[in-house]
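# return a 3D structure for these sequence lines:
(chains A, B, C, D and E, ligands or ions: 4)
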Amino acid sequence: KNSKKNEILVLHAGSLSIPFKEIAKNFMKKYPDVKVVLEAHGSRTCARQITDLKRRVDIMASADTQVIKNFLIPEYADFSIDFTTNEMTIMYNEKSKYSDEINAKNWYKILLRPDVQYGHSDPNADPCGYRTILTWKLSEKYYKVPGLFKKLDGEMPKKNIRPKEVDLIAMLEAYELDYIFIYQSVACQHKAKYVMLPDEINLKSPDLSDLYRSVSLKISGKKPGEFIEKRGAPMVYGITLLRDASNPYLGAKFIEFLLDKEGQKIMRENGQPEIIYPNVDNYNKLPEILKKYFKKR
Amino acid sequence: MKFKVIFSFLGFLLILFIGIPIVKMMISTDPSTLVLTSKEPEVYLSIFLTFRASVWATIIALITGVPLAYLLARREFWGKKIIEGLIDLPVIIPHTAAGIALLTVWGRNSLFSKATGINVIGTEISISIAMFFVSVPFLVNAAKDGFKLIDERYEKTAITLGATQCKAFFTVSLPMVKKSIISGSLMMWGRGISEFGAVIILAYHPMTAPVLIFERFQNFGLKYAIPVTVLLILISLIVFIFIRIFEDK
Amino acid sequence: MKFKVIFSFLGFLLILFIGIPIVKMMISTDPSTLVLTSKEPEVYLSIFLTFRASVWATIIALITGVPLAYLLARREFWGKKIIEGLIDLPVIIPHTAAGIALLTVWGRNSLFSKATGINVIGTEISISIAMFFVSVPFLVNAAKDGFKLIDERYEKTAITLGATQCKAFFTVSLPMVKKSIISGSLMMWGRGISEFGAVIILAYHPMTAPVLIFERFQNFGLKYAIPVTVLLILISLIVFIFIRIFEDK
Amino acid sequence: MNLKITNISKKFKGFELKDINLEIREGEFFVIVGPSGAGKTLILEIIAGLLKPDSGEIYGIRNKKIGFIYQDYMLFPHLNVFKNIAYGLNIRKIDKDEIKSRVENLALKLEINELLQRNVANLSGGEKQRVAIARAMAISPDIFLFDEPTSALDRNSRIKTQEMFIKLHKKTCSTFIHVTHDFEEALSLADRIGILINGRIVQCGKPDHVLNSPVSKKIADFIGYKNVFGGSIENNTLNINNLNIIVPIERADFAYVAIRSDDIIISKNKIESSARNSFFGEVENFFKKSSMYEVILNVGIRISIDITRKSFEEMDIKIGDNLWATFKVSSLKVFKH
Amino acid sequence: MNLKITNISKKFKGFELKDINLEIREGEFFVIVGPSGAGKTLILEIIAGLLKPDSGEIYGIRNKKIGFIYQDYMLFPHLNVFKNIAYGLNIRKIDKDEIKSRVENLALKLEINELLQRNVANLSGGEKQRVAIARAMAISPDIFLFDEPTSALDRNSRIKTQEMFIKLHKKTCSTFIHVTHDFEEALSLADRIGILINGRIVQCGKPDHVLNSPVSKKIADFIGYKNVFGGSIENNTLNINNLNIIVPIERADFAYVAIRSDDIIISKNKIESSARNSFFGEVENFFKKSSMYEVILNVGIRISIDITRKSFEEMDIKIGDNLWATFKVSSLKVFKH
Ligand SMILES: Nc1ncnc2c1ncn2[C@@H]1O[C@H](COP(=O)(O)OP(=O)(O)OP(=O)(O)O)[C@@H](O)[C@H]1O
Ligand SMILES: Nc1ncnc2c1ncn2[C@@H]1O[C@H](COP(=O)(O)OP(=O)(O)OP(=O)(O)O)[C@@H](O)[C@H]1O
Ligand SMILES: [Mg+2]
Ligand SMILES: [Mg+2]
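Ligands and ions are numbered 1, 2, ... in the order given. Below is the predicted model of the structure:
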């Protein structure tokens, strides 16, 4: 496939599937002789495809810009563009217990009711997982309920954890869980009901990064048994062009399209608004055509 | 009498166990959605692709696996048990690991690719390769067990009647274990269809039905994934029943 | 002669196809890592869990599936073809879909759970359920094909000798298809071990080996996933060879 | 209780077992004899309850222990010879030592004692048959159903086995239903014989009676009458090829007469005796049997005559010799079809 | 080219085929006859190349078409009767019409023409056997290997089949190697007979010769000598139970003498003749055979005498009667073991 000209392979986080599909469609409309191939995996699995399975990939978009920075730079890629954000929400459906009562103020009380089942994805495997933990820790501060995190964590049986957010959706749809912690974009795309959480705990706002930084958790490190500390940070999606890209130019064109008006519009419509001050990790290594988006700063 | 009742009861439990989830899934889909789904090119193309790739894998397995099964059933040789163990192995290898192992052998950096200049990854061929790897043991073992239950003297008789060993195999041994081989082929074909873990490592595109179902589920939820699944099941069921009826002829 | 050469050659191709990826994976792991890995409780516990859960599934399948296989092989009844088709179906259902279908039947909101108050999701039982569902057709079909190849008059003879139908089944039919059933059980057991997609929907924890391998691959990379896989393969291979040797006794 | 078989029918494409009626006394040694494909095995299977007839009933079989010996033995391939024989005993949970001694006893009688630990797959044909017999005998059945149990045995083993059957029958008072294609065997075993031809019981009676009074040409053929001639009878005379045979009935539009080969005397000179049929002819051929010769004499029709080896040698018979054949009117059987 | 079997041995646990040497002429009808378990099937399998002997060579079989008939038929269960018979012809890619006519011809001869479209599984025993014969005959083999091809047939079918074999043999000039446990059959078919007992060819020769001059007690037993007595001989006399039998050899420390049952004459009064052995005794028992009677006369030793039904009836023999038994010295066979 890599021998085929005018084809770019984009690996992206599962939560980006819908907007990326649309963007790819429009991109291909604009450049009819180009073919964009999309593959969705968990963010870390995307990285593993490149580092461990040696796939030849053009673009990778991750739900956490840190994944790109930790796994790919500097060996496989030179820069990471922060291009969108997201927020944590609690997704549910009509059959969820007490779904008519839940709101941004009482959600933790409802979750802690004994007949309510809730779950999140695996913090070690999925950014959505550790972000849930961070949200719980921030909630303890925000709602001023001491021990809330411990309670939320303790009340939830381990069996309610699933590796990825999609596995959680299966649990929700089968009514195995009443509430799951998930990205707002995913809830939005599934046309599901969700609880909008305050910015202080939903990890959306870059303005609140200091607040977010005040909480942390340990997740697994480079090898089994090793742990690293993960500090709270605003949710930032990263995208990069791989050094080994088969079509670096087209790849850059795709990123350009994403960052441009049309792309950003699609992102917004899918619940993933642009970052007001787009950021790049390594401006110098940026392809020329992309530099324009960051000069403004 | 009691015997029949108990046996029927036990069998019935099994049928319920398998049937309820499947039927439940089926009736959760209304026919009109099914019809609509079946008209989506993405859906029917991926189902055909899946069937086709698995058919290819099964054909290759018939060509290579049935002879192997025959040798394993008929001859004694050193290392036979090891080969039998090896043939069983793909069954237990976790699918992702199987995909990764295949990638190292068929991928961009493999000897094969370097020697031939061909890169099969991401093509229909690689899908067949993944399907073949995870499902060929079912065919080989079914054929082997079939051959073992056939008296070798039938072949000898054919040979005295003027058949070469080869002819004896094709005109006597093979037709006599036809049912086992058909059954094994069906199992292999079906197992290939369902494969996700290994296939997705070798080829995310073109999308096989399981990958499509997974993707739809991830992006849009069960409501969009189930009709594709039901469609896949219905078509397969028809194929299965058809072949099961045909095999008795 | 030519026949033997061609057959050996075809079989050899198959052995290469299966063997190379496996051997490559094995030799990419140095023995010391393997030893270290085998000492990690997380690893050996998950391997044992996997083996155990699959053994349970296989035992239940022997109890319910072999009687069903027998009935399917011996009796004619209305709807038989449909049941045969149904039994084949789990093989083709994409694993994730199978997991979801099972979740709706065994989950918290299912009739079963409501009636009994038991929630099996996330337990070893649910792992066995998932394994059972995806792999039981292999046992049923192997047993069925075996029974079909056995002359019914052996059972009749046993009955004239004073056996009840039940005794005749256990002392004659069953021992005569022993090999097919052992082979089918092995396939089923192995197939259960490798299951990932359906298992993960029903139970992420406790972690089965395939789940652990996937998790390690995702979090730590191949370097940490492969040794677990190789360990799983080695232990299974020993079990397989052992049973294959034992079965000839 | 007698075994009563009433109106049993079973139809296949190309073959029909029709209206079988038999009453077999308890303790009787009944032999069903008939040519290959007559339906003998089918009848046994129906009696044993292994095959459902289309219609008809069988009384007196319920709750009886049955010893069935399949024509193709049906030895259990996964059990060795000992375990095959012991199968019925094991099923009955009989004491191990008892089983052992019973099996060994039987094996000794059937001369398969040296095979007890052998795999049944590579036994010789006759060995298999004897194992099958032992297996059926082991359970001391009330009713024995034997499907050609001696066909794979050589003469000596066969005679031994037949003697064993007779002894066994005397000792056990079991009912024996024995199927064979060998009329000789039927004669030496049976209390009563039923002749089965083409799916029908065509004659039934004591061995002697059947032997001496076959009721049709088919039966006469089957039980070994080599001289059967058909024609019209007038004035106690059957005219065939200008030969006048004097027969014991006065007239018939068409009838068969039959005479056994050993009821005919052969001589160089005409024998003056009460035997009223005497014909002159030429030796066309002769066949050597182990204890006699069969001579084919052409007296206008070909007649077959059995003579002892001794007479044959004394008379120094050669092809082309001219000889007299003589037989009594009373040894002629007559039947209509 | 003759078929030469040299020093064939094959050893199993409990059975050994030992040093088989046979030369079978091209076109000969050779019958191997022996009791059950003697190794007959094994020899045929070795000749056909289906079984590898431990040692020894076979010459003259390569490139020959072989018609092998297994004792248990081995009909292909997935083919119907027609296709079973046609198998060897189809393999040779013979013209369809030709195959059809050949198969139908054979089927007619063997009286299985009505079964051609039938499934082989539910044929009767004898039908299966005839299909197996037809299948082997279809390919017009150079060498026929028949393993008890008539054992499942009734007498008439057997005789017909034997006659067919003889005709076939005359017509084709093929070599026939025919295995049977029936000595009678061997006599009526064979050019030469080989007697196989316990894995060894113990005697080999023309039927007549074998019949009249068995070389050992075992053979005499097997071929049906019922009167075999052992003892020491002095002065041309064998003394046994105070009975002096005059024998044709002068002395021996130990020897057997044998005489056929039909070489003994029975009479109410002593016969004065050249036959020098004449003994008086009591009728202990008699058995009815289809064409004769066997009388057991106790003259100090039990001797078995065959007489015709007619003589039996004329002499009105009853158990307890006192009679004379007379036989010639020259009809006694003598052998050492
Ligand atoms: N299932 C069947 N379908 C059709 N025909 C059958 C079936 N079973 C038996 N027959 C026919 O019925 C006839 C009688 O069969 P059976 O086996 O009883 O013969 P038999 O008297 O035992 O002969 P043999 O002495 O050769 O064993 C045969 O012509 C056989 O082909
Ligand atoms: N594979 C084997 N292992 C051990 N013994 C065997 C094997 N094959 C045959 N035999 C023995 O060799 C002897 C001769 O067998 P074979 O089948 O040649 O007898 P046969 O002369 O054909 O007898 P029958 O007339 O009963 O068919 C038998 O005692 C048999 O049990
Ligand atoms: Mg029969
Ligand atoms: Mg034999």
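# quick one: residue A:77 and ligand 3, what's the gap?
In this structure, residue A:77 and ligand 3 are 83 Å apart, going by C-beta to the ion, to the nearest Å. No exception for glycine: its C-beta is placed from N, CA and C like everyone else's.
# and whichever residue of the stretch 1-150 of chain A sits closest to ligand 1, what is it in contact with?
Closest to ligand 1 within the stretch 1-150 of chain A is residue A:95: 59.4 Å, counting by C-beta to the nearest ligand atom. Contacts here follow C-beta atoms under 8 Å, 6 or more residues apart in numbering or on different chains; on that basis residue A:95 touches A:175, C:109.
# can you tell me the element it falls in?
Under the criterion DSSP states H and E, no helix or strand holds residue A:95.
# what's it sitting at in phi/psi?
Main-chain torsions, residue A:95, degrees, to the nearest 10: phi -80, psi -10.
# same thing with residue D:92?
Dihedral angles phi and psi of residue D:92 (degrees, to the nearest 10) take the values phi -90, psi 10.
# how about the helices of the chain, start to end?
In the absence of a named chain, chain A is used. Remark: helices assigned in chain A by DSSP state H are A:17-30, A:43-51, A:65-67, A:107-111, A:127-142, A:148-155, A:165-173, A:184-189, A:199-202, A:209-213, A:248-259, A:261-269, A:288-295.
# the chain in question should be chain D.
Here chain D has its helices, by DSSP H, at D:40-48, D:81-91, D:96-109, D:125-138, D:155-172, D:183-189, D:207-212, D:217-222, D:309-315.
# next: chain B.
Under DSSP H, chain B gives helices at B:2-27, B:31-39, B:41-74, B:80-92, B:95-106, B:111-116, B:124-148, B:152-160, B:165-168, B:174-176, B:178-194, B:197-202, B:209-220, B:222-247.
# centroid-nearest residue for chain B?
With distances taken as C-alpha atoms, centre = their mean, residue B:188 lies nearest the centre of chain B, 1.9 Å away.
# ok, that one touching residue B:136?
Yes: here residue B:188 reaches residue B:136: they are 6.5 Å apart, a contact under C-beta atoms under 8 Å.
# any idea how far the residue nearest to the centre of chain B lies from ligand 1?
Note on residue B:188: its distance to ligand 1, by C-beta to the nearest ligand atom, to the nearest Å, is 34 Å.
# contacting residues for that residue?
Here residue B:188 is in contact with B:54, B:57, B:58, B:61, B:135, B:136, B:138, B:139 (C-beta under 8 Å, 6+ apart).
# show me which of those is closest to residue C:23.
Closest approach between the contacts of residue B:188 and residue C:23, by C-beta to C-beta: residue B:136, at 16.5 Å.
# give the closest residue to that closest one in space, chain neighbours not counted.
By the measure of C-beta to C-beta, 6 or more residues apart in numbering or on different chains, the closest residue to residue B:136 outside its immediate chain neighbours is residue B:61, 4.7 Å from it.
# what residue is smack in the middle of the chain?
This is for chain A. Chain A has residue A:63 as the residue nearest its centroid, 2.8 Å off, counting by C-alpha atoms, centre = their mean.
# got any ranges where the chain has weak pLDDT?
Let's take chain A. Across chain A, the ranges flagged by pLDDT under 70 are A:1-4, A:276-278, A:295-297.
# that answer is for a different chain, and I need it for chain B
For chain B (pLDDT under 70), the answer is B:1, B:249.
# any idea how far the closest residue to ligand 1 within it is from chain E?
Closest approach between chain B and ligand 1, counting by C-beta to the nearest ligand atom: residue B:248, at 16.6 Å. According to C-beta to the nearest C-beta, to the nearest Å, residue B:248 and chain E sit 13 Å apart.
# now swap in residue B:143 and tell me
Using C-beta to the nearest C-beta, residue B:143 is found at 16 Å from chain E.
# that residue contacts residue B:63, doesn't it?
No: contact criterion C-beta under 8 Å: residue B:143 and residue B:63 do not qualify, at 12.0 Å.
# which one's more surrounded, these two?
When neighbours are counted by other C-beta atoms under 10 Å in any protein chain shown, residue B:143 and residue B:63 differ, and residue B:143 comes out ahead with 27 against 12.
# list the contacts for residue 133?
This is for chain A. Contacts of residue A:133 (C-beta under 8 Å, 6+ apart): A:120, A:123, A:149, A:153, A:217.
# not quite, I wanted chain D
The contact partners of residue D:133, by C-beta under 8 Å, 6+ apart, come to D:69, D:110, D:146, D:149, D:161.
# most neighbours, which of these?
Most neighbours among those, by other C-beta under 10 Å: residue D:149, with 26 neighbours.
# beta partners for the residue nearest to that one when sequence neighbours are not counted?
Sequence neighbours aside, residue D:69 is the residue nearest to residue D:149 in space, at 5.0 Å (criterion: C-beta to C-beta, 6+ apart). Per DSSP bridges, the residues bridged to residue D:69 are residue D:146.
# wait, residue D:69 touches residue D:136, no?
Yes: Residue D:69 is within contact range of residue D:136, at 4.9 Å (criterion: C-beta under 8 Å).
# mutual contacts of the two, please.
Joint contacts of residue D:69 and residue D:136 (C-beta under 8 Å, 6+ apart) are D:144, D:146.
# identify the residues contacting the closest residue to ligand 2 within chain A.
Of all residues in chain A, residue A:53 sits closest to ligand 2, at 55.0 Å by C-beta to the nearest ligand atom. Going by C-beta under 8 Å, 6+ apart, residue A:53 touches B:100, B:103, B:107, B:201, C:222.
# mind doing that once more with 10 Å?
Residue A:53 is in contact with A:45, B:99, B:100, B:103, B:104, B:107, B:108, B:121, B:201, C:217, C:221, C:222, counting by C-beta atoms under 10 Å, 6 or more residues apart in numbering or on different chains.
# now do the phi/psi pair for it.
When read as degrees, to the nearest 10, the backbone of residue A:53 gives phi -90, psi 0.
# mind checking which helix or strand of chain D has the lowest mean pLDDT?
Taking mean pLDDT, DSSP states H and E as the measure, the helices and strands of chain D show their lowest mean at helix D:309-315, namely a mean of 83.
# pull the distance from that one to the chain's centre.
What separates the centre of helix D:309-315 from the centre of its chain is 29 Å, taken as C-alpha atoms, centre = their mean, to the nearest Å.
# next one: stretch D:68-78
22 Å.
# that one near ligand 4 at all?
No: judged by C-beta under 5 Å from the ion, stretch D:68-78 makes no contact with ligand 4; its nearest approach is 12.8 Å.
# domain parsing for chain D?
The record's domain parsing of chain D by automatic domain parsing lists D:3-217, D:225-335.
# lowest average confidence across these, which one?
When these are compared on mean pLDDT, domain D:225-335 scores lowest, with a mean of 86.
# before we move on, back to that, what's the closest of the domains of chain D to ligand 1?
Of all the domains of chain D, domain D:3-217 sits nearest to ligand 1, with 3.2 Å by C-beta to the nearest ligand atom.
# for the closest one, what is the distance to the chain centroid?
Centroid separation for domain D:3-217 versus its chain: 13 Å, with C-alpha atoms, centre = their mean.
# next, the distance between the ends of it.
30 Å (C-alpha to C-alpha, to the nearest Å).
# nearest residue to residue 73 other than its sequence neighbours?
Just so you know, I chose chain A. Spatial nearest neighbour of residue A:73, chain neighbours left out: residue A:80 (6.6 Å); criterion: C-beta to C-beta, 6+ apart.
# switch to chain B, that's the one I care about
Nearest residue to residue B:73, sequence neighbours excluded (C-beta to C-beta, 6+ apart): residue B:147, at 3.5 Å.
# nice, that's everything, thank you.
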